[in-house]
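Enquirer: sequence and predicted structure are below.
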Amino acid sequence: MASRVEMLMRSNRLRVAVAVSMAALGLWAFAPYVTSEVGGEAHVNAPIIRMASPIAGIVAADLPPPGTALATARTVRLVTARSIDSGPLAALHGEAAALAAARDLARRQIIELDSASQRLAGRSARFGRAAAARLAAAGTAAREALAGCEAEAAEAVLQRDRIETLAQQRFATFTQRDRLRAVAAATARRCAALASQADALGIETRAAGQGLYLAGAAMDAPYGDQQRDRLLLRRQELEIVLANAEARLAVLAGQISAEQARLARAAAFDAVLPAGTVIWSQPAPKGTTVAPGASLIELADCRRRYVEVALPERRMEAILPGERVEVRLIGSDAWIEGRVASAVGAAARRDGAMVAANPDKEARALTVLVALPPPASLARRCDVGRLADVRFPRW
């Protein structure tokens with residue numbers, strides 16, 4: 001058995017197979033460095049989302065601790081205000097209450113004026129009917145008196161003519177003739193006066209039919225209509241008050257809503273923590289008092305994580321944005337496909353954006369940013385700060 005093992009070890013075929021295997025293993029190990037260039041100084045990075053307090057208050061005590069992964073968006077109260085000045089809101093509410101009272105009063109007064117106007121309209125209608133009936137009766141009486149006067153005038157004329165005939169025949173005295181002449185003339189004048197009175201009543205009756213009541217030429221409308229005109233003017237004034245109150249109340253409603261929203265924002269600061277992020281740090285400890293603008297919480301945006309790799313400056317012309325590269329995190333056997341996002345020269349000013357990992361940069365190194373897909377899990381803080389190997393194709 002020992003001789004067979006010794007013969008196998010001394011076999012030329014075995015020696016050739018071992019030599020070929022070692023050569024193949026060496027070629028396989030150095031093939032990636034021949035076909036592609038590997039960036040040795042590379043680390044995973046992610047932009048920082050900083051949330052600052054817009055109000056002065058106390059940091060909430062139930063904030064999630066650093067390292068908490070947010071797979072879904074979450075609304076968190078970050079700051080609670082100590083005290084709130086609600087004086088402007090109270091003043092707006094007081095003004096709105098006063099305007100509402102004035103508006104309601106104007107509405108009630110308008111309703112009362114409408115009721116009074118209806119009563120006066122009925123009173124004016126009754127007055128018109130009564131005045132028309134009175135004028136009709138007065139016209140009838142005037143016509144009857146005129147007819148009686150005309151009969152008396154005719155009788156007086158007959159008696160005058162008879163006495164004048166008798167006076168000419170010397171059967172009557174001249175005194176009787178003159179008296180009957182005077183009676184006939186007086187009766188004629190009285191009839192003329194009655195005719196004029198009847199004409200005046202006719203004119204007044206026709207005017208009353210058109211809504212004009214002469215009443216001795218003192219006024220042209222009844223007292224009820226005059227009062228309705230005054231009520232109409234008062235109603236227009238109240239309508240102006242009502243319109244102004246409603247317009248001002250509409251403006252106050254918007255101001256009150258804006259003030260309530262402002263107080264709600266001033267009472268507490270609630271922020272939406274986006275999904276796919278990790279709480280990186282909390283500059284303000286829980287329960288402390290902060291001023292407006294103070295940093296409260298910092299989030300690492302794992303949705304936009306990338307690998308920052310340093311390469312020699314001579315590779316600047318070979319690096320193209322959008323180029324596919326392979327990335328392997330140290331400690332993992334899986335290669336991840338990434339794309340070149342940007343390449344910045346050594347003398348270029350560094351981006352001022354906040355990042356989670358910020359190692360020192362060499363004086364003469366080309367900085368290449370390689371965008372990575374979102375991680376499958378946020379448990380390891382999306383691997384920020386972890387070193388990586390990046391393969392760039394040579395050809």
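Expert: Received the coordinates, thanks. Not measured: the values here are computed from a predicted model.
Enquirer: any chance you could map the strands in the stretch 51-200 of the chain?
Expert: Under the criterion DSSP state E, counting those that start in this stretch, the stretch 51-200 of the chain contains strands at 57-59, 69-70, 74-81.
Enquirer: wait, what's in contact with residue 64?
Expert: Taking Cβ atoms under 8 Å, 6 or more residues apart in numbering, we find residue 64 in contact with 76, 279. Bear in mind the C-beta positions are built from the backbone N, C-alpha and C, glycine included.
Enquirer: how far away is it from residue 384?
Expert: Using Cβ to Cβ, to the nearest Å, residue 64 is found at 17 Å from residue 384.
Enquirer: residues in contact with residue 198?
Expert: Contact partners of residue 198, counting by Cβ under 8 Å, 6+ apart, are 139, 142-143, 146.
Enquirer: read off the pLDDT value for it.
Expert: Looking at residue 198, its pLDDT reads 80.
Enquirer: now for the nearest residue to it once chain neighbours are set aside, how many residues are close by?
Expert: The shortest distance from residue 198 to any non-neighbouring residue, by Cβ to Cβ, 6 or more residues apart in numbering, is to residue 142 (4.0 Å). Using other Cβ atoms under 10 Å as the criterion, residue 142 is surrounded by 19 other residues.
Enquirer: picking up where we left off before, turn the strands of the stretch 51-200 of the chain into JSON lines, columns for distance to residue 256, mean pLDDT and mean neighbour count.
Expert: Supplementary listing: these in JSON lines, determined by distance: least, Cβ to Cβ, whole Å; pLDDT from 0 to 100; neighbours: other Cβ atoms under 10 Å:
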{"stretch": "strand 57-59", "distance to residue 256": "23", "mean pLDDT": "88", "mean neighbour count": "20"}
{"stretch": "strand 69-70", "distance to residue 256": "36", "mean pLDDT": "87", "mean neighbour count": "18"}
{"stretch": "strand 74-81", "distance to residue 256": "20", "mean pLDDT": "87", "mean neighbour count": "16"}
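Enquirer: which residues of the stretch 1-150 of the chain fall in helices?
Expert: 2-9, 12-35, 87-168 (DSSP state H, counting those that start in this stretch).
Enquirer: so for residue 80, which of the ones you listed sits nearest?
Expert: helix 87-168 (18.9 Å; Cβ to Cβ).
Enquirer: and the closest one, what does it pack onto?
Expert: When contacts are defined as 3 or more Cβ pairs under 8 Å, 6 or more residues apart in numbering; DSSP states H and E, helix 87-168 packs onto helix 174-209, helix 223-267.
Enquirer: and of those, who's closest to residue 91?
Expert: Of all those, helix 223-267 sits nearest to residue 91, with 9.5 Å by Cβ to Cβ.
Enquirer: and the angle for that closest one with strand 74-81?
Expert: With axes from the mean of the first three to the mean of the last three Cα atoms, to 10 degrees applied, the angle from helix 223-267 to strand 74-81 works out at 100 degrees.
Enquirer: which other residues reach the helix or strand just after helix 223-267?
Expert: Counting by DSSP states H and E, the next helix or strand C-terminal to helix 223-267 is strand 268-273. The contact list for strand 268-273 (Cβ under 8 Å, 6+ apart) reads 51, 53-55, 57, 70, 73-81, 279, 297, 299.
Enquirer: please tell me how far stretch 259-275 is from the chain's geometric centre.
Expert: Its chain's C-alpha centre and that of stretch 259-275 lie 18 Å apart, by Cα atoms, centre = their mean, to the nearest Å.
Enquirer: end-to-end on it?
Expert: End-to-end span of stretch 259-275 (Cα to Cα, to the nearest Å): 31 Å.
Enquirer: tell me the mean pLDDT for it?
Expert: The model assigns stretch 259-275 a mean pLDDT of 85.
Enquirer: please apply the same query to stretch 133-143.
Expert: Stretch 133-143 comes out at a mean pLDDT of 82.
Enquirer: next, the buried residues of it.
Expert: Within stretch 133-143, the residues that qualify as buried are 135, 138-139, 142-143, counting by 16 or more other Cβ atoms under 10 Å.
Enquirer: kindly export that stretch (C-alpha atoms) in PDB.
Expert: Taking Å, rounded to 0.1, in the frame of the first residue of the first chain, the C-alpha atoms of stretch 133-143 are listed here in PDB:
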ATOM      1  CA  ALA A 133    -117.100 105.000  -0.500                       C
ATOM      2  CA  ARG A 134    -117.200 108.400   1.200                       C
ATOM      3  CA  LEU A 135    -116.500 110.200  -2.000                       C
ATOM      4  CA  ALA A 136    -119.100 108.200  -3.800                       C
ATOM      5  CA  ALA A 137    -121.700 109.100  -1.200                       C
ATOM      6  CA  ALA A 138    -120.600 112.700  -1.200                       C
ATOM      7  CA  GLY A 139    -120.900 112.900  -5.000                       C
ATOM      8  CA  THR A 140    -124.300 111.400  -4.900                       C
ATOM      9  CA  ALA A 141    -125.400 113.900  -2.200                       C
ATOM     10  CA  ALA A 142    -123.900 116.800  -4.200                       C
ATOM     11  CA  ARG A 143    -125.800 115.700  -7.400                       C
END
